[in-house]
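Asks: what's the 3D shape of this:
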Amino acid sequence: MFGTYFYHQTSRKMVVAFGTLFNTIEVHRTDSSDAVTEVVKIPLSYGPKDKMLARITSDPSLSSTVALTVPRMGFELTSMSYDGARKLNTLGRNVKTGTTGLKKQYNPVPYNYDFSLYIFVKNAEDGTQILEQILPFFTPEFTITMTLISGMDIKMDIPLVLSSVSSEDTYEGDFATRRSIIWTLNFSMKGYLYPNIVDNAKIITSSTVDTHLMSAAVTAEPVYIVTEDSTSYSTNFMILNAHEIDGSTRIRLLSEESEEGSTAGATVERVTVAPKDTTASTDDDFGFSETFEFFPHGETHDPVAGTDS
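Replies: Below you'll find the model as predicted:
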């Protein structure tokens, strides 16, 4: 879209992170003295519930070495939805210094990934063993720290929220009917989707702000330095050009700036801000130096050549 291809594998990482949480579940079988006689590691696979259930029921004895056996677990990504409550500033950006310039990437878009985890067991005891290894960690969320964009060193805390737990028991019919106990746990993962990365962006090494005159030309007017009248003496010490200002007599000195006017739109003041360390990168802690320049008669700046006239 928009002529730019990119693929950060963000959705794939969400699926992998979800499955990794549940791939170490075990069921212990004990004898009458509570001694462990068997440890069963619960296999985990990705796929829809109906397909897995059909595969299990196709082997009623559940003893074939090539068939699916229970207990086992499965999960799938059921839906995705935009989460406006977690929206970030659209113009916000992540910046990282690269070898030839800056890498820039705009803020991600929040999306909720809805997962369903299925637990297939033959008896209720196996199901409760598996549940008690999962549910205590969700209150109701469990936070996962993930590296979503490795090229930008972006790590995010992703909450995984447990929204519901339900069970289904198909123990009906005659004795030849296979009993199936299925626990379904629904989760919502608060994830993000990231836009493309702009590579080799130029680094701003200084910022210059010019103050200009109004668009109309400025007529030359006298600029005066006004002093107080020496009223405590009978005669003023300095009488150059007595002039009445605001109803009282003031003595004025004519400034050199009164000799000429300024060109319309000319630059009269410039402030330049630059890092004190010119070799500093964007991730460094550096200060700034400020330079102030004043042009009493106005300057015309050529931004292409970088010169004043």
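Asks: so where is the chain shaky, pLDDT-wise?
Replies: Scanning the chain for pLDDT under 70 picks out 1, 52-68, 98-100, 171-178, 201-203, 213-265, 278-283, 297, 301-306.
Asks: give me the contacts around the longest strand seen in it.
Replies: Scanning the chain for the longest strand, with DSSP state E as the assignment, gives strand 154-169. Strand 154-169 is contacted by residues 14, 17-18, 21, 94, 127, 131, 135, 138, 140-148, 179-192, 194 when judged by Cβ atoms under 8 Å, 6 or more residues apart in numbering. Yep, even glycine has a C-beta here, placed from its N, CA and C like the rest.
Asks: just after it, pick out the following helix or strand.
Replies: strand 181-193 (DSSP states H and E).
Asks: list the neighbouring strands of that following strand plus their orientation.
Replies: Using DSSP bridges, strand 181-193 pairs in its sheet with strand 109-121 (antiparallel), strand 154-169 (antiparallel).
Asks: what lies in contact with stretch 191-204?
Replies: So stretch 191-204 is contacted by 4, 6, 8, 10-11, 14, 98, 100-106, 108-113, 148-149, 151-152, 154, 156, 158, 282 (Cβ under 8 Å, 6+ apart).
Asks: on that earlier part again, ranking the strands paired with strand 181-193 by burial, who's on top?
Replies: Among the strands paired with strand 181-193, strand 109-121 has the highest mean neighbour count (mean count of other Cβ atoms under 10 Å), at a mean of 20.
Asks: just the CA atoms of it, as CSV, please.
Replies: Output in CSV follows, covering the C-alpha atoms of strand 109-121 (Å, rounded to 0.1, in the frame of the first residue of the first chain):
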residue,chain,number,x,y,z
VAL,A,109,-1.5,1.5,15.9
PRO,A,110,-3.1,-0.4,18.8
TYR,A,111,-4.9,-3.7,18.0
ASN,A,112,-6.3,-6.4,20.2
TYR,A,113,-5.5,-9.9,19.3
ASP,A,114,-8.2,-12.4,20.4
PHE,A,115,-7.0,-15.9,21.1
SER,A,116,-8.8,-19.1,22.2
LEU,A,117,-6.9,-21.8,24.1
TYR,A,118,-8.5,-25.3,24.0
ILE,A,119,-7.7,-28.1,26.5
PHE,A,120,-8.8,-31.6,25.5
VAL,A,121,-8.8,-34.2,28.3
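Asks: before we move on, the earlier item: JSON lines for the strands paired with strand 181-193, including distance to residue 73?
Replies: Converted to JSON lines, those look like this (distance: least, Cβ to Cβ, whole Å):
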{"stretch": "strand 109-121", "distance to residue 73": "5"}
{"stretch": "strand 154-169", "distance to residue 73": "14"}
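Asks: for residue 275, find the nearest of those.
Replies: Smallest distance to residue 275 across those (Cβ to Cβ): 24.8 Å, for strand 154-169.
Asks: neighbours of residue 183, just the number please.
Replies: 20 (other Cβ atoms under 10 Å).
Asks: surely it meets residue 129?
Replies: No - at 11.2 Å, residue 183 and residue 129 do not qualify as touching, with contact defined as Cβ atoms under 8 Å.
Asks: circling back to that earlier point, which one of the strands paired with strand 181-193 lies closest to residue 289?
Replies: strand 154-169 (31.8 Å).
Asks: what residues does stretch 8-15 touch?
Replies: Contacts of stretch 8-15 (Cβ under 8 Å, 6+ apart): 46, 77, 80, 113, 146, 148-149, 158, 189, 191-194.
Asks: kindly report the same for stretch 16-36.
Replies: In contact with stretch 16-36 (Cβ under 8 Å, 6+ apart) are residues 37-42, 44, 46, 71, 73, 75, 113, 115, 117, 126, 129-130, 133-134, 142, 144, 146, 158, 160, 187, 189.
Asks: now do the SS call for residue 7.
Replies: coil (DSSP: H, G, I helix; E, B strand; the rest coil).
Asks: for residue 89, see how far away it is.
Replies: 24 Å (Cβ to Cβ, to the nearest Å).
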